[in-house]
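**Student:** Just a sequence and a predicted model for now, questions to come.
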Amino acid sequence: MKLVIVDDEQPAISLLLSYCSKIPQLEVCATFEDPLLAMQYMNTHDVDVLISDIDMPGLNGIELCKSLVRPIKTIFVTAHDDFAVEGFGLSAIDYLLKPVAFPRFLQAINKISLNGTAITGPSKDYMFIKIDGIKKRVDIQEILFIEAQGDYLKIKLKDKHYLILQTMSEIDKQLQGFDFIRIHRSYIVNLAYVDLIDKDYLVIGDCELTIGKTYRNALHARLN
């Protein structure tokens, strides 16, 4: 499917691009921060799917859809839920509230599969970790956060944890395509379990984790 992304905030575009890169069936033809330029492009090119923010200066997402010379399957992605009724009035395929988790994004994309075949994201939602010479299966969505402890990593789940000999960069690659983000040189967190975020720390359950200065902007951009 040929796809165009429109959002006036570059971090939001970057997040959607990272999600699209995990789905081989998607071809991102163009991205735009200016909806007027997006309109010109889509009126002169073959595009199957539009993923668009709604609240944008100059021309909002709903106005953009109404200005197209032919209807395009549209998914709205926005931080504001007060546009939902009008958005669905345009026969939008789906309406996603920011911050969008990858599984929810994949669900929306599956609604517009052109050939009726389900689209899949990461090939598996689990990983095997080595503990005392034995490989144990861990469901990725059950992980609350990962903490570096010297040469080891602490894999924290709701009611238990595991210590494994692995690097942060290695496990970060295994978590690509899921709703994890690195917030500190010592922490990777699952955004689905975050209860509170302040400037310098966040809370997951009864754990308070420091947000590193070099990771702060990326975290807050992911949440906007």
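**Tutor:** Looks like it arrived, so ask away. Residues are numbered from 1 along each chain as shown.
**Student:** Break this structure down into its domains, please.
**Tutor:** Domain assignment of the chain by automatic domain parsing yields the ranges 2-110, 126-223.
**Student:** any chance of those in JSON lines, with mean neighbour count and mean pLDDT too?
**Tutor:** (Each C-beta comes from the backbone N, C-alpha and C, glycine too.) Shown next, in JSON lines, are these (neighbours: other C-beta atoms under 10 Å; pLDDT from 0 to 100):
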{"stretch": "domain 2-110", "mean neighbour count": "17", "mean pLDDT": "86"}
{"stretch": "domain 126-223", "mean neighbour count": "15", "mean pLDDT": "90"}
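**Student:** where do the helices sit along this protein?
**Tutor:** Assigned helices in the chain, in chain order: 10-20, 35-42, 61-66, 84-89, 102-110, 168-174, 213-223 (criterion: DSSP state H).
**Student:** Dump the last one to CSV, keeping only the CA atoms.
**Tutor:** Spelled out, that is helix 213-223. Output in CSV follows, covering the C-alpha atoms of helix 213-223 (Å, rounded to 0.1, in the frame of the first residue of the first chain):
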residue,chain,number,x,y,z
LYS,A,213,18.8,14.4,30.2
THR,A,214,19.9,13.0,26.8
TYR,A,215,16.7,10.9,26.5
ARG,A,216,14.2,13.5,27.9
ASN,A,217,13.4,15.2,24.6
ALA,A,218,12.8,11.9,22.7
LEU,A,219,10.5,10.6,25.4
HIS,A,220,8.4,13.7,25.5
ALA,A,221,8.3,13.9,21.7
ARG,A,222,7.0,10.3,21.7
LEU,A,223,4.2,11.3,24.0
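**Student:** ok, residue 75 - contacts?
**Tutor:** 49, 50, 51, 52, 92, 93, 94, 95, 96, 108, 109, 112 (C-beta atoms under 8 Å, 6 or more residues apart in numbering).
**Student:** bridging residues for it?
**Tutor:** residue 51, residue 94 (DSSP bridges).
**Student:** Quick check: it vs residue 51, distance?
**Tutor:** 5 Å (C-beta to C-beta, to the nearest Å).
**Student:** How about residue 72, nearest residue that isn't a chain neighbour?
**Tutor:** Of all residues not flanking residue 72 in the chain, residue 50 sits nearest, at 4.8 Å (C-beta to C-beta, 6 or more residues apart in numbering).
**Student:** quick one: contacts for the one you found?
**Tutor:** By C-beta under 8 Å, 6+ apart, the residues touching residue 50 are 3, 4, 6, 42, 64, 65, 72, 73, 74, 75.
**Student:** Repeat that for residue 15.
**Tutor:** In this structure, residue 15 makes contact with 99, 100, 221, 222, judged by C-beta under 8 Å, 6+ apart.
**Student:** For the contacts of residue 75, give me TSV that also has distance to residue 140.
**Tutor:** Below are those laid out as TSV (distance: C-beta to C-beta, whole Å):
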residue	distance to residue 140
49	27
50	30
51	25
52	30
92	30
93	27
94	24
95	26
96	21
108	20
109	19
112	26
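**Student:** Can you tell me which of those residues is nearest residue 154?
**Tutor:** Nearest to residue 154 out of those is residue 96 (C-beta to C-beta; 32.3 Å).
**Student:** unless I'm mixing things up, the closest one is touching residue 108, no?
**Tutor:** Yes. Counting by C-beta atoms under 8 Å, residue 108 is a contact partner of residue 96 at 6.0 Å.
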